[in-house]
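Sequence and computational prediction follow.
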Protein chains: 2
Amino acid sequence: MSSGGEQFELVRVEDGQGWKKAGGTMLYESDHVQVEDVQCITPTRPDASTSWTIVHRKAAVAIAPMLEDGRFVLIHQERIPVHRTLWEFPAGQIDVPANEVTHDIVIRTAITELREETGGELLPGGKLRPLGHFFPSQGFTQEHVYLFLARPVHLPGAASPQHDERFGEMKFVTAAELRLMIARNEITTALTLALYAKLAALGLLAD
Amino acid sequence: MSSGGEQFELVRVEDGQGWKKAGGTMLYESDHVQVEDVQCITPTRPDASTSWTIVHRKAAVAIAPMLEDGRFVLIHQERIPVHRTLWEFPAGQIDVPANEVTHDIVIRTAITELREETGGELLPGGKLRPLGHFFPSQGFTQEHVYLFLARPVHLPGAASPQHDERFGEMKFVTAAELRLMIARNEITTALTLALYAKLAALGLLAD
């Protein structure tokens, strides 16, 4: 297990640099989501007159696993909120409060999700390269996702889905095939598109 | 106002093809979000034994505006849930229930958001090219975002933000500059990364 020695920015949502939470009322709270009405001072709104409904959720990781031959691993996953089975890169939530996440916890979660969702592991000398983070829906939720490229990965065992996840199939695609799936709208999840954008921008996609 | 004559798939979340909502309890409901506990039959879960917490939200549009000189328009927007001011492509919610959205409503919202957030309009002969859609957080919410490339766009007037939105600045970037911002983690919103992934996959980024 190696993170390649590269650091990444831990996301914190807190006061500072013109931002200050002036008040908040919890409207709904469960283990999965919390809905809060907040009043917030922003760099251009020093009066905090505007209320905003925020949905809080745990942070997550998403990993683009690359095999030794350069192909990427996609998983086919049933997603109940959208009533669809979607091709995605492996991903999962980080089981501590989002603002208490540490580098070690992020790396450990990424390694665990890779193994649980694909059965895959980094080969000796393999690296988990941080590719930054993204906000899935920044007007709505503080949710954020840490992104990684894992390479090279081998798949010695079968995937071991958790009780609340079902995995049908895996698919191994070249960069060119991945590109075609995106062009054809066959890949529609933010985490997979965000990883593709990062890989493309960083010149990590050999066609 | 032209959509270029191209069609796009309207997203519907409904029963069909192995999916059936077997029950649901609304846990929290406001104009902005609805939190629902659902029981769902899926292709691999015919017993519907698993409950899932879903947050419902309106659909949205996101537009990559390209000027005549090939540069893209980014806006700098305060995002209260994440306590950050972020560089993004223009975007906005569609003000009808997500499953009642029509092609015309999507196109009209995209044109309106482009004008309100950048002051921009399509030049005569300009096109709003559909680039598909994406799901921001498919394990959590049915929210979906329709993606467009608008080109060529001109900016005759100033942006006219709505009462609940604040826009600081705009930035005009070449494809190469956009790429660098993504590589440096200076662009962190799913909608902007998803549009970049689509543009890259479709070969619409001239470097």
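Thanks, I have the structure now.

helices or strands up against the strand of greatest length in chain A?
The residue-count maximum for a strand in chain A (DSSP state E) belongs to strand A:121-134. Packing partners of strand A:121-134 (3 or more C-beta pairs under 8 Å, 6 or more residues apart in numbering or on different chains; DSSP states H and E): helix A:103-118, strand A:145-154, helix A:190-201. For glycine as for every other residue, the C-beta is placed from the backbone atoms N, C-alpha and C.

Flag the helix or strand of chain A with the lowest per-element mean pLDDT.
strand A:167-173 (a mean of 83; mean pLDDT, DSSP states H and E).

Tell me the span between the first and last residue of stretch A:11-28.
With C-alpha to C-alpha, to the nearest Å as the measure, stretch A:11-28 spans 24 Å from end to end.

So is that stretch next to chain B?
Yes. On the criterion C-beta under 8 Å from any C-beta of the partner chain, stretch A:11-28 is in touch with chain B at A:11, A:13-16, A:19, A:21, A:27-28.

Now for these: which two are most distant?
A:G16 and A:Y28 (27.3 Å; C-beta to C-beta).

More neighbours: which of these two?
A:Y28 (16 against 8; other C-beta atoms under 10 Å in any protein chain shown).

check contacts around that one.
A:34-35, B:27-28, B:35 (C-beta atoms under 8 Å, 6 or more residues apart in numbering or on different chains).

Could you rerun that using 6 Å?
A:35, B:28, B:35 (C-beta atoms under 6 Å, 6 or more residues apart in numbering or on different chains).

thought the last one was touching B:R57?
The one in question is B:V35. No. Counting by C-beta atoms under 6 Å, B:V35 does not reach B:R57; the two are 10.3 Å apart.

Low-confidence ranges, chain A, go.
A:1-6, A:49, A:157-168, A:207 (pLDDT under 70).

Relative to its centre, which residue of it is most distant?
A:D47 (34.1 Å; C-alpha atoms, centre = their mean).

how much space is there between that residue and chain B?
12 Å (C-beta to the nearest C-beta, to the nearest Å).

In contact with that residue, which residues?
Taking C-beta under 6 Å, 6+ apart, one finds nothing in contact with A:D47.

Over to A:G92?
Contacts of A:G92 (C-beta under 6 Å, 6+ apart): A:E113.

name the element it belongs to?
strand A:91-93 (DSSP states H and E).

Adjacent strands (with direction) for that strand?
Using DSSP bridges, strand A:91-93 pairs in its sheet with strand A:60-67 (antiparallel).

Give the other helices and strands that the helix or strand following the partner strand contacts.
Reading on from strand A:60-67 to the C-terminus, the next helix or strand found by DSSP H and E is strand A:72-79. With contacts taken as 3 or more C-beta pairs under 6 Å, 6 or more residues apart in numbering or on different chains; DSSP states H and E, strand A:72-79 sits against strand A:60-67, strand A:84-88, strand A:167-173.

Out of those strands, the one nearest B:L122 is which?
Nearest to B:L122, of these and by C-beta to C-beta, is strand A:84-88 at 31.9 Å.

Give me the contacts around that closest one.
A:74-79, A:187, A:189, A:192.

what's the closest of those to A:L199?
Among the contacts of strand A:84-88, A:T192 lies closest to A:L199 (C-beta to C-beta), at 10.6 Å.

before we move on, back to that, out of the helices and strands packed on strand A:72-79, flag the one nearest B:E100.
strand A:84-88 (19.0 Å).

How far does stretch A:141-160 sit from its chain's centre?
Centre-to-centre, stretch A:141-160 and its host chain are 9 Å apart (C-alpha atoms, centre = their mean, to the nearest Å).

so does stretch A:191-207 get close to chain B?
Yes. Stretch A:191-207 reaches chain B (C-beta under 6 Å from any C-beta of the partner chain) through A:193-194, A:196-197, A:200-202.

Redo those as JSON lines? Include distance to B:I107 and neighbour count.
JSON lines is the format used below for the residues of stretch A:191-207 next to chain B (distance: C-beta to C-beta, whole Å; neighbours: other C-beta atoms under 10 Å in any protein chain shown):
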{"residue": "A:L193", "distance to B:I107": "22", "neighbour count": "29"}
{"residue": "A:A194", "distance to B:I107": "26", "neighbour count": "32"}
{"residue": "A:Y196", "distance to B:I107": "26", "neighbour count": "27"}
{"residue": "A:A197", "distance to B:I107": "25", "neighbour count": "30"}
{"residue": "A:A200", "distance to B:I107": "28", "neighbour count": "23"}
{"residue": "A:A201", "distance to B:I107": "29", "neighbour count": "25"}
{"residue": "A:L202", "distance to B:I107": "34", "neighbour count": "16"}
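
Pull the most distant pair out of those residues.
A:L193 and A:L202 (14.9 Å).

where does the residue farthest from the centre of chain A fall, helix, sheet strand or coil?
Look at A:D47: counting by DSSP: H, G, I helix; E, B strand; the rest coil, its state is coil.

any idea how far it is from A:G139?
For A:D47, the distance to A:G139 (C-beta to C-beta, to the nearest Å) stands at 20 Å.

just A:L193 next, same as before
Counting by C-beta to C-beta, the gap from A:L193 to A:G139 is 18 Å.

Name the stretch among the helices and strands packed on strand A:121-134 that sits most buried.
Ranked by mean neighbour count, those are led by helix A:190-201 with a mean of 27 (mean count of other C-beta atoms under 10 Å in any protein chain shown).

Many thanks, have a good one.
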